[in-house]
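> coords below, sequence missing:
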């Protein structure tokens, strides 16, 4: 089985509207932003992670909107100096998360990651999770379908 790919948003597009490029099984892209720079920096981070998607604007637009929504929701719930947006893609779909946890990934193989965090609330279709050290994760999930991506509604990270 192929291994996960970690990539910066500076590289070539590795993700299409049909899913991750073969032979990988999942990908993760992260952009950090300063809380002091507020929503503008959060939106720039969302743009940075969506630049890895080689797809029409009609596909990228909901992912970018999700990035802006999760970061806005995070900024309302966290006082951390540094935050990040994480876009994870696997064969089931795309997960977009904003978090003030700058160390732990969404990697499915990481038992200490956001996968197992309890759901605290659902806000405007976004799942809000709190980690044991007080970190906040705000998560949006979309599933692949024949003609693009469709939001799953509230989903576990």
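All right, it came through fine. Computed from a predicted model, the values in this text were never measured in an experiment.

> ranges for the helices of the chain?
38-50, 57-75 (DSSP state H).

> Reformat the ones you listed into CSV and put mean pLDDT, distance to residue 139 and mean neighbour count next to each item.
Backbone N, C-alpha and C define where each C-beta goes, glycine included. Below are those laid out as CSV (pLDDT from 0 to 100; distance: least, CB to CB, whole Å; neighbours: other CB atoms under 10 Å):
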stretch, mean pLDDT, distance to residue 139, mean neighbour count
helix 38-50, 90, 14, 19
helix 57-75, 92, 7, 20
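
> Tabulate those helices (TSV), appending distance to residue 19.
Converted to TSV, these look like this (distance: least, CB to CB, whole Å):
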stretch	distance to residue 19
helix 38-50	15
helix 57-75	11
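
> nearest to residue 18, of those?
helix 57-75 (9.6 Å; CB to CB).

> okay, the angle between that closest one and helix 38-50?
Here helix 57-75 runs at an angle of 140 degrees relative to helix 38-50 (axes from the mean of the first three to the mean of the last three CA atoms, to 10 degrees).

> Thought residue 41 was touching residue 48, still the case?
No. Assessed by CB atoms under 8 Å, residue 48 is found out of contact with residue 41, at 10.4 Å.

> Show me the shaky parts of the protein.
1-14, 22-24, 104-115, 145-157 (pLDDT under 70).

> Give me the residue at the spatial middle of it.
residue 96 (2.2 Å; CA atoms, centre = their mean).
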